[in-house]
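1. quick one, fold the following:
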Amino acid sequence: MKKIITSVFLLSLSYTYAQTYDRVTLLKDINPMGPSTTNQPTVANGRFYFRADDGAHGDELWASDGTEDGTVLVKDINPNGGSEITNLTALGNSLVFSAYDGTTGIELWITDGTEEGTVLLKDILEGEENSVPLNFFGFDNKVLFEANDGVNGSELWVTDGTEAGTILIDINPNGDSYPYGFTEYNGRVYFQATDGVNGTELWATDGTVAGTVLVKDVYATGDSSPRSFKVYNNLLYFRADDDRADEIWVTDGTTEGTVFFVEINTAEADGSSVNEFTEVDGKLFFRARNADAGSELWVTDGTVEGTVMVKDINPGAGDSFPGGLTAYNGKVYFQAADGNNDIELWSSDGTEEGTQVVKNIRETNSSTPSDLFVYNDALYFVANDGTNGREFWVTDGTEEGTVKPLQQAYGPDPLYYIPNYTVFNGELFFKATFNGVDQEIFKLTSSTAGLNKSQKQAAVVYPNPSTGLVNVKLTDAMAQDVTVFTLTGKKVMQVKNQQAVNISTLSKGVYFMKITDDKNNVFYNKVVKE
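-> Numbering: from 1, shown residues only. A predicted model of the protein is given here:
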């Protein structure tokens with residue numbers, strides 16, 4: 001059951017909510033009795049599509065034009081349960097995906113956004129068995145994917161959106177090729193696959209049978225398993241294995257131009273395990289491991305000499321293990337552990353001195369920032385400061401500008417659990433639990449995107465947690481009234497015209513302060529009594 005807000009205190013916040021609903025709004029409560037488990041938002045043909053469960057039809061295909069009335073069930077594909085939709089992928093004015101209708105197994109479907117236009121595109125493995133189309137990748141008005149027709153094994157397929165134009169590209173005539181890691185580069189798609197002779201190696205395709213070729217057998221005596229592809233400086237960088245273990249390779253798309261780039265870890269048998277290639281301001285950042293420093297942040301300018309560790313964030317052989325690398329405002333932002341601050345938000349300009357923790361969000365444990373996403377000149381992410389679990393955060397790259405942007409206006413009801421970002425018509429849509437609604441789609445309008453001085457923590461209370469005196473700091477204003485409430489909405493303290501509140505007489509626990517300044521602005525802050 002979903003939470004129902006009934007306390008007098010929360011109802012008293014309605015005027016504040018009314019002032020800020022133009023910032024974050026519920027798109028639609030698709031399942032009023034529980035979470036709708038929305039997933040895979042994908043923009044196509046003027047709407048965005050997603051999978052959701054309204055509590056009556058199971059997981060099915062939905063579409064939205066960004067309004068509540070325009071958020072509708074497209075089709076109940078499986079009338080007897082969920083349709084197990086995955087891999088929603090735009091193809092021209094249509095959308096192709098994998099689904100189960102209860103009769104033909106998990107197969108290839110297509111929709112034009114209407115109920116009658118949502119149909120089985122091809123029953124690749126005829127009958128009730130599943131071909132399980134997966135790993136969809138849009139390219140040149142086609143979609144590449146992997147599927148198993150029951151005869152040729154798990155192979156490469158391509159569709160142009162018609163049944164006749166959905167064809168098999170059989171890489172391994174004697175078994176499975178397992179194509180994976182599709183990345184477009186210079187008019188072709190590169191990926192790993194095995195032809196049954198050369199192991200799992202580097203392949204490329206233009207979407208035709210004749211144009212699907214082995215680029216190079218990187219590891220003649222084993223599987224090179226090329227992966228983590230990234231286009232940089234008009235070349236394709238990737239991670240692969242050979243006798244030097246797991247290191248960086250590069251290709252220009254030719255056999256001769258597919259070459260070993262650099263060996264970062266010469267002392268350990270497993271190699272450097274490079275990953276998360278991210279280009280920022282002409283430099284390519286990535287995570288890599290060597291025996292001396294562990295897994296740390298590295299950067300390259302495209303030369304061997306210019307491939308260096310940026311900083312040993314966790315000094316010695318300990319791992320800082322930078323993850324979630326995201327380009328923003330000329331720097332790379334990521335999560336990392338320095339051995340002191342646990343896992344927190346970091347940024348780097350590619351120099352050692354310019355690699356610093358942005359903010360230690362959680363003093364006594366890891367905030368573990370993740371799901372980094374750039375929207376309207378701000379960097380949004382999810383983190384845990386130890387109060388309400390994983391919540392929505394935003395940063396402009398400074399410590400003071402790294403905040404929970406909605407905590408002031410929305411008081412005690414946190415915004416948390418925020419995966420599945422998508423931008424549609426200038427608004428940021430995401431799945432969240434917020435304002436008494438469990439795991440539905442909300443939208444952040446452009447009016448709150450980015451940070452300015454007035455949005456950066458207009459009210460601050462400190463120290464927090466506290467055993468006694470709590471100071472109240474306002475931006476260009478003075479506190480006129482401070483009221484302290486319990487989590488259930490009971491008023492336990494009130495002071496007027498004071499810039500500090502003594503909470504020493506309160507029981508240990510979490511409280512909320514309603515702060516009214518001398519300009520009649522109202523803020524809500526959480527405070528912990530120790």
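2. assign residue 315 to helix, strand or coil.
-> coil (DSSP: H, G, I helix; E, B strand; the rest coil).
3. quick check, it in contact with residue 339.
-> Yes: counting by Cβ atoms under 8 Å, residue 315 touches residue 339, with 7.1 Å between them. The way it works is simple: take the backbone N, C-alpha and C, and place the C-beta from them, glycine included.
4. in the stretch 151-300 of the chain, which spans are helices?
-> For the stretch 151-300 of the chain, helices defined by DSSP state H, counting those that start in this stretch do not occur.
5. show me where pLDDT drops low in it?
-> Low-confidence segments of the stretch 151-300 of the chain, defined by pLDDT under 70, are absent; every residue clears the threshold.
6. if you set the cut-off to 90 instead, what comes out?
-> Applying pLDDT under 90 to the predicted model, the residue ranges of the stretch 151-300 of the chain that meet it are 268-270.
7. okay, and the beta partners of residue 422?
-> Using DSSP bridges, the beta-bridge partners of residue 422 come out as residue 429.
8. quick check: it touching residue 49?
-> No: in this structure, residue 422 is not within contact of residue 49 by Cβ under 8 Å, at 9.9 Å.
9. so for stretch 325-343, first residue to last residue, what's the gap.
-> Counting by Cα to Cα, to the nearest Å, the length from the leading to the trailing residue of stretch 325-343 is 14 Å.
10. buried set for stretch 92-106?
-> Within stretch 92-106, the residues that count as buried by 16 or more other Cβ atoms under 10 Å are 94-101, 104-106.
11. wait, I meant stretch 195-214
-> Within stretch 195-214, the residues that count as buried by 16+ other Cβ under 10 Å are 195, 198-207, 212, 214.
12. now do that stretch: everything it contacts.
-> Taking Cβ atoms under 8 Å, 6 or more residues apart in numbering as the criterion, the residues outside stretch 195-214 that touch it are 139-140, 142, 144, 156, 158, 167, 169, 171-175, 177-179, 187-194, 215-219, 222-226, 238, 240, 251, 253, 258.
13. now the buried members of those residues.
-> In terms of neighbour count (16+ other Cβ under 10 Å), the buried residues within those are 139, 142, 144, 156, 158, 167, 169, 171-172, 177-179, 188-194, 215-219, 223-226, 238, 240, 251, 253, 258.
14. mind listing which of the residues you listed are in strands?
-> With DSSP state E as the criterion, strands contain 139, 142, 144, 156, 158, 167, 169, 188-194, 215-216, 238, 240, 251 from among the buried ones among the contacts of stretch 195-214.
15. for stretch 472-483, measure first residue to last.
-> Start and end residues of stretch 472-483 are separated by 12 Å (Cα to Cα).
16. what about it, distance to the chain center?
-> Distance of stretch 472-483 from the chain centroid (Cα atoms, centre = their mean, to the nearest Å) equals 36 Å.
17. picking that back up, can you put the buried residues of stretch 92-106 in TSV and add secondary structure?
-> Formatted as TSV, the buried residues of stretch 92-106 follow (three-state DSSP):
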residue	secondary structure
94	strand
95	strand
96	strand
97	strand
98	strand
99	strand
100	strand
101	coil
104	coil
105	coil
106	strand
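18. which residue ranges form the helices in the stretch 1-150 of the chain?
-> Remark: helices of the stretch 1-150 of the chain, listed N- to C-terminal, are 8-11, 14-20; assignment by DSSP H, counting those that start in this stretch.
19. centre-most residue in the protein?
-> By Cα atoms, centre = their mean, the chain has its centre lying nearest to residue 371, at 3.7 Å.
20. so where's the stretch 301-450 of the chain shaky on pLDDT?
-> Judged against pLDDT under 90, the low-scoring parts of the stretch 301-450 of the chain cover residues 316-318, 339-341, 363-364, 375-378, 386-394, 400, 403-423, 425-428, 430-439, 442-450.
21. swap in 80 and give it another go.
-> Judged by pLDDT under 80, the stretch 301-450 of the chain has its weakly predicted residues at 316-317, 341, 388, 405-420, 434-436, 445-450.
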